[in-house]
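A.B. asks: sequence unknown, structure follows:
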């Protein structure tokens, strides 16, 4: 890749940019050369047609409502905030509608609105409702919102540029865009130079504006930082914000959000300076990041809810529509991306969207290629990562995610070695996500709820080892940011897939290890999920291993002791205060199990229980005075009250089905039996079980990567 | 309809049946004359093709597994039970596969299996595992299962009849079917003559067998009862088991089940004696019953879960596939039935299925015509009924159900004037259904759970008035069967739809009235749901009105007092023992409200609160030692601790949306305000509210049907 870097060095040193760009409009998502083709495509290809119809309806609604550019006054959710947000969306819709229909009323709407902004912008002070510790915008209370506004607005301007008289263009550029560029690179300089997704939005707005209104100097700053020395700026961000596998450290939910300015600024660079080959920069990092975003979803399109995450977010979100269309049209036309575009049910009305819609109409789509993968974290790829194992077709896929990544900054949860299990189109062992009702004003202003900290971030809210009813790293961000788990093994063969990782610093003096396996056994329809979790310490601890599950327990091997009245919270802090303790049982010294029925299918978790092990059944909702928590969440917690070393071995069989239409049930009985730990020491765990009477013995060799798992 | 009755009288008196039938085979669902057309149809029409492919796969699996006719031994769920059940399904699949493919291996399979049965049947005693108070079968532990077996098996025999050598046919008829006819009409005579759905299965088996093997005497008995006097038998059942509107008193779930033998025996009669016009009998009661079954679903296909009901049952169940295909092909070809067939995703591989699949392929389907309706209960239509109000297209329909029917026999719940509300494709104010894990052996053998009685049937499990924390009719079936609610008013105009009913006997000395309204208000996207519930008594009572809801409360006007630890059961009995009391609040003396977010939409329930009214927030799950209950169920209970008369007025606005993809929320604030009761006495309730500041005053005149609701 030195080749690409050299091109960049040459381009920047020799001042390609400084000489200005061949100016034609539009030239970002829709380009002049392709307008005729896009117009024909709207008539011909169903997905482009329906996507355009939506945009046009939005444009028509905007024109019907008329222009409203109020003096900025309100914070998020308030009238002026929502109106300015609406305005950039309206302008963008009208810009596209103008290019596709040729109807000048749409261009006039954008022009008139921009003139209104131009007439006022310079007179506006910084936003009166500024948040503490945040640089305010002029249009919105946070400068971040101003950046987003400009990223969209400059596209709208580009789309209608040629339909605006030169005099009006001069007014708009002099009295709106130049002051904005100045504000973003001066008052917001700190953000502009930040290696962080707020910085990406800021410099993308500046760089895109620089290209569109031909200000090469601002393009230079966007690419190389305000000092133009390359220490910050877009290229530095591409170098630093993603891992070599394209993973963004905050997690999938924020990765999705961070993607948009990267993709759209890159596309703008590509259009204006194709010789720079921006999509190939840093080992094609943007392509990897888009791919990673998609691999970080289950087959229903939902992002793995790692760290702060709204669980209903899927790859249908706009960021990924941009990402997929551009990846397909500008980077690599992989037929399986068309499958995602079909599920997104729309394309950008753009050159890229045209290609996607056309190829879908031609029947070229293939099922998206989900794969088992280790996605490293850290910009050198050496700070842990996420392990994903998948088995089966997209229509009915088993998938596990092992979270062995670094903390992920302020939105990170304290859940090292957390395990998620998906099957049959949904969650089986699940994660709470974040405690938040996004945009629901009555719920804490739509912001993160207090329970995000007291519950959602705490370790017991996740499917991982808890020592002494306290959270990893004491729930302290600073401590947690110092360390990351280590990958012990990742391997994915047809018969056996394994991901194993270790975390030594979450608790003083405790080494945590987790090894999760998908194992294909002859005679079973679905892979077994084998999971071995260890806590190793010189001292005694209480070890808890929660499994948050979806479904209803229909069978268990042990006697439950269900609390029938006077239900009590399990603990006092670190999330335990939010748990109702419904039942507590001692396990036999042998093969115990719990069977869960979820979405017409059975999941039997076999537990290699040793003496003095307990199962606690809990539901969520204690100490929740404002009813902020989802009380339908349930877990079983495997618990060892006192031990220096503890190994939890479970084998989860996915089996059978109930058919409510035919009123039949088949395969309700598990085929696994006799799960037993045979040996467990510093370097090895050996355990055995039977499937339909055939014996299996597995050995985990923690210190031998070349022979990590042995099966006898 | 005397005409039809006269035809019947003539036919039976003159002994048309006794003379025997023109014997040709097959002649029930598939008929000889249509085989060629069905074969072509399988090649041509996608729905018939996919339906046949499924049947053929089933047949091929059966042949691959081989024939197994074990000596009956096990009860439900056990090996011999499941095997014999499988056998009739396999024979039926092979019978169809033979007719469509012409491949004799399928016919041979049926013949061989029937010969195995014929070789043993007479030697089998009554089933060893007979249930107490139940007549046993010979093949299964309950005779009901034997009836079902024969209904399917005689169809299989009819399908392969012509491919079985005459000698084998004689063996099968002499040693299997004749003994079965004898057993059903002698040992099972009591059931045979029962006016009940078990009786329907019994006589349908007998009648169908009589037609197929040409035993007119048995057909006569099936039609007119064992004494052939018409006091029992199929015609008496048609006269008595359905209300004039086609409603079956046990409720939609059992109506669905009861339909199948009616429909298939009627079809058999139609094929053999078309001159009898069975589908027109008793004012075309079968047609009405099929229509009622469909009207008793919400737009997602789910049956209203009134009385004992598995909630995942939809019109995709086999009974309704038979019903819809036959209704379309043999009764009346309404284009909207094709919409249901499309959603069922299959047709019977039959003459009827051919017509349905063909017309769907021709694009004739129209959206199913859901309508607002009063479906009377009782065979004269004078024992209350179910009121259904609907508004909006099938894609997003508001629907309410007011249960004002009679008890519905042993599967009835004690929930007079229960109200259900559906919107946006799902439940908003919901019903628990029955407490049962059907066919899940580990949950009480798959039978009704003890909590079906202690919880699901009790009044507080439903959205209706509870006095003094006790259930209607003391939870006693005998008392409850004596009375039924009275309809006060049903009317459905475009702007206002109303259903009102009264129940005077659920509690001694309390008159209960409920008036539920869908009201279209200019300026609102969705109808308001207005609900007025009254308890009128000469003495003081505690009045509770639960609303079981789906979703999460995001806002309320009153201060909650959430129990954060030591959660307690609300009561001791009648279902209250299963409720956790999460919060209890006094309401203001004014317009209070609760807002629920469900499936991205808001529901704000405005409450006309008077002094001393309370709201209790409850969740389900107390006193449930076996974890049988769904603990995610939640309710708010409007409660008046002490009053002789109490009127609860609520106005529920359906509004706004959240968009997790675009991360936007609109219309989160309710437009309704100032709800107030102005007057309330024996004959009138007058109340007022504002919508976007426009004032509305509604008067309910309980005793004036002609001017029941006045709006000012």
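C.D. replies: On my side now, so go ahead. Since the structure is predicted, the reported quantities are computational estimates derived from the model, not experimental observations.

A.B. asks: switch to C-alpha atoms for all contacts and neighbour counts from now on
C.D. replies: Will do.

A.B. asks: Would you map the helices across the stretch 451-600 of chain A?
C.D. replies: A:477-482 (DSSP state H, counting those that start in this stretch).

A.B. asks: quick one, phi/psi of the residue in it that chain B sits nearest to?
C.D. replies: Residue nearest to chain B within the stretch 451-600 of chain A (Cα to the nearest Cα): residue A:564, separated by 4.1 Å. When read as degrees, to the nearest 10, the backbone of residue A:564 gives phi -100, psi -10.

A.B. asks: can you tell me which residues contact it?
C.D. replies: B:622, B:623, B:624, B:625 (Cα atoms under 8 Å, 6 or more residues apart in numbering or on different chains).

A.B. asks: next one: residue A:599
C.D. replies: Counted by Cα under 8 Å, 6+ apart, residue A:599 has contacts A:424, A:551.

A.B. asks: Parallel or antiparallel, list what pairs with the longest strand anywhere in chain A.
C.D. replies: Secondary structure assigned by DSSP state E gives strand A:496-507 as the longest strand of chain A. Partners of strand A:496-507 in the sheet, by DSSP bridges, are strand A:486-492 (antiparallel), strand A:510-519 (antiparallel).

A.B. asks: Would you point to the one among those strands that's packed deepest?
C.D. replies: Stretch with highest mean neighbour count among the strands paired with strand A:496-507: strand A:510-519 (a mean of 24; mean count of other Cα atoms under 10 Å in any protein chain shown).

A.B. asks: How about residues contacting that one?
C.D. replies: Contact partners of strand A:510-519, identified using Cα under 8 Å, 6+ apart, comprise A:389, A:391, A:402, A:417, A:465, A:495-505, A:527-538.

A.B. asks: Take those and, keeping just the buried ones, write it as a ChimeraX select command.
C.D. replies: Selection of buried members from these for ChimeraX, criterion 16 or more other Cα atoms under 10 Å in any protein chain shown:
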select /A:389,391,402,417,465,496,497,498,499,500,501,502,503,504,505,527,528,529,530,531,532,533,534,535,536,537
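
A.B. asks: the bottom helix or strand of chain A by mean pLDDT?
C.D. replies: helix A:2-13 (a mean of 60; mean pLDDT, DSSP states H and E).

A.B. asks: what's whichever helix or strand comes after that one packed up against?
C.D. replies: Next in sequence after helix A:2-13, counting helices and strands by DSSP states H and E, comes helix A:35-44. Contact here means 3 or more Cα pairs under 8 Å, 6 or more residues apart in numbering or on different chains; DSSP states H and E; on that basis helix A:35-44 packs against helix A:46-65, helix A:79-101, helix A:351-361.

A.B. asks: Which other helices and strands does the next helix or strand after the shortest one contact?
C.D. replies: Note on helix A:351-361: by DSSP H and E, the next helix or strand toward the C-terminus is strand A:373-376. Secondary structure elements in contact with strand A:373-376, counted by 3+ Cα pairs under 8 Å, 6+ apart, are strand A:384-391.

A.B. asks: Tell me which residues touch residue A:265, please.
C.D. replies: A:204, A:205, A:207, A:208.

A.B. asks: element containing the last one, please.
C.D. replies: Using DSSP H and E, residue A:208 maps to helix A:197-212.

A.B. asks: picking up where we left off before, ok, of the contacts of residue A:564, which one's closest to chain A?
C.D. replies: residue B:623 (4.1 Å).

A.B. asks: quick one on the thing from earlier: gap between the residue of the stretch 451-600 of chain A closest to chain B and residue B:631?
C.D. replies: Counting by Cα to Cα, to the nearest Å, the gap from residue A:564 to residue B:631 is 13 Å.

A.B. asks: quick one on the thing from earlier: switch the strands paired with strand A:496-507 over to a markdown table; also include mean pLDDT.
C.D. replies: Converted to a markdown table, the strands paired with strand A:496-507 look like this (pLDDT from 0 to 100):
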| stretch | mean pLDDT |
| --- | --- |
| strand A:486-492 | 98 |
| strand A:510-519 | 98 |
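
A.B. asks: My read is that residue A:386 contacts residue A:401, right?
C.D. replies: Yes: here residue A:386 reaches residue A:401: they are 6.9 Å apart, a contact under Cα atoms under 8 Å.

A.B. asks: What residues does residue A:577 make contact with?
C.D. replies: A:569, A:570, A:571, A:622, A:623.

A.B. asks: ok, the residue nearest to the fourth one when sequence neighbours are not counted - contacts?
C.D. replies: Think residue A:622. Nearest residue to residue A:622 in three dimensions, chain neighbours excluded: residue A:578, at 4.3 Å (Cα to Cα, 6 or more residues apart in numbering or on different chains). Residue A:578 is in contact with A:455, A:569, A:570, A:571, A:620, A:621, A:622, A:623, A:624, counting by Cα under 8 Å, 6+ apart.
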